[in-house]
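>>> could you look at this predicted model? Sequence included:
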Amino acid sequence: MRMTVRAGLATVAATAVAVLGSAGPAAAHIEVSPDRATPGGYARVALQVPDESDSASTVQLDVALPADQPIASVRVMAVPGWTVSTGTTKLATPIKTDDGDEVTTAVTKITWTATSADTGIKPGRFEEFVIWLGPLPNAGKLVLKAVQTYSDGTVVRWIDEPVEGQPEPEHPAPVLTLARQEPVGAQPVPDRTAFYLALLALLLGLAGTVLGVLAFTRSRGLGRFRR
């Protein structure tokens with residue numbers, strides 16, 4: 001009977017892993033948070049940069065802003081232990097601000113550099129680099145290509161643009177999706193039907209195992225009584 005119980009519990013445990021384990025974390029990439037903003041508006045976004053090395057620290061981060069989608073105002077939050085510099089590009093067509101002023105140059109590159117290896121991003125940790133920018137382009141997305149440099153000289157280029165319907169590239173570029181935000185009351189409710197059906201199947205499997213064990217125990221008891 002003990003073997004039957006153990007087998008049943010093992011089946012239930014395996015089912016639970018299959019149902020609940022599918023929500024495990026994905027591989028660590030440079031990501032932008034939040035990943036959505038309103039076109040034509042202003043946004044405060046944070047680039048979340050993990051250190052994926054076993055022994056080296058991240059000591060530099062370069063981020064490119066698309067020159068064909070110039071942004072009039074770009075401000076960078078200070079990060080303790082890091083310096084920051086920006087590169088600009090002269091615009092062929094000046095940008096007009098909300099005040100009617102013309103902007104003839106736009107920031108197209110931001111570079112953060114650790115002041116020493118001790119202030120870099122250590123293995124197994126991450127850092128956030130915050131940017132405030134706008135007005136955002138009236139486009140579907142803003143691709144922020146990034147280059148990560150490690151203290152041992154390793155360079156990882158997060159510049160591959162994800163394509164919808166295609167497998168995720170090995171080094172995807174951070175993408176800020178630009179779309180009109182739905183009112184809070186109009187947010188669609190996530191469809192969790194599949195999850196609840198799987199959970200119901202798990203509970204039914206557990207109930208079946210318990211009933212089977214009880215039936216087996218009862219049948220053995222009756223057999224002994226008849227003898």
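Here it is on my side, so go on.
>>> which other helices and strands does the top strand by length along the chain contact?
Secondary structure of the chain read by DSSP state E shows that its longest strand is strand 82-96. For strand 82-96, the packing partners by 3 or more CB pairs under 8 Å, 6 or more residues apart in numbering; DSSP states H and E come out as strand 73-76, strand 102-114. Just so you know, the C-beta spots here come from the backbone N, C-alpha and C atoms, and that holds for glycine as well.
>>> export these to a markdown table and tack on mean pLDDT?
Below are the helices and strands packed on strand 82-96 laid out as a markdown table (pLDDT from 0 to 100):
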| stretch | mean pLDDT |
| --- | --- |
| strand 73-76 | 95 |
| strand 102-114 | 94 |
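>>> dump those into a markdown table; add mean neighbour count and distance to Pro50 as well.
As requested, the helices and strands packed on strand 82-96 are exported to a markdown table (neighbours: other CB atoms under 10 Å; distance: least, CB to CB, whole Å):
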| stretch | mean neighbour count | distance to Pro50 |
| --- | --- | --- |
| strand 73-76 | 16 | 20 |
| strand 102-114 | 17 | 15 |
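>>> and the contacts of stretch 164-173?
Stretch 164-173 has contacts (CB atoms under 8 Å, 6 or more residues apart in numbering) with His29, Val143, Leu144, Lys145, Ala146, Val156, Arg157, Trp158, Ile159, Asp160, Glu161, Pro162.
>>> can you turn the buried subset of these into a selection I can paste into ChimeraX?
One line in ChimeraX is enough to select the buried ones among the contacts of stretch 164-173; burial here means 16 or more other CB atoms under 10 Å:
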select :29,143,144,145,146,156,158,159
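>>> adding distance to Thr93, write the helices and strands packed on strand 82-96 out as CSV.
Formatted as CSV, the helices and strands packed on strand 82-96 follow (distance: least, CB to CB, whole Å):
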stretch, distance to Thr93
strand 73-76, 17
strand 102-114, 9
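>>> nearest to Pro123, of the ones you listed?
Among the helices and strands packed on strand 82-96, the nearest to Pro123 by CB to CB is strand 102-114 (13.9 Å).
>>> any idea how far that closest one is from the chain center?
Between the centre of strand 102-114 and the centre of its chain there are 25 Å (CA atoms, centre = their mean, to the nearest Å).
>>> what is that strand packed up against?
By 3+ CB pairs under 8 Å, 6+ apart, strand 102-114 packs against strand 58-64, strand 73-76, strand 82-96.
>>> those strands: lowest mean pLDDT?
When the helices and strands packed on strand 102-114 are compared by mean pLDDT, strand 82-96 comes last with a mean of 91.
>>> closest one of the contacts of stretch 164-173 to Asp99?
Leu144 (26.4 Å).
>>> in this structure, which spans are strands?
With DSSP E as the criterion, the chain has strands spanning 31-33, 36-37, 43-50, 58-64, 73-76, 82-96, 102-114, 126-134, 141-143, 145-150, 155-158, 175-178.
>>> mind putting these in a markdown table, distance to Leu214 included?
As requested, the strands of the chain are arranged in a markdown table below (distance: least, CB to CB, whole Å):
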| stretch | distance to Leu214 |
| --- | --- |
| strand 31-33 | 50 |
| strand 36-37 | 52 |
| strand 43-50 | 50 |
| strand 58-64 | 57 |
| strand 73-76 | 66 |
| strand 82-96 | 64 |
| strand 102-114 | 63 |
| strand 126-134 | 50 |
| strand 141-143 | 57 |
| strand 145-150 | 58 |
| strand 155-158 | 56 |
| strand 175-178 | 53 |
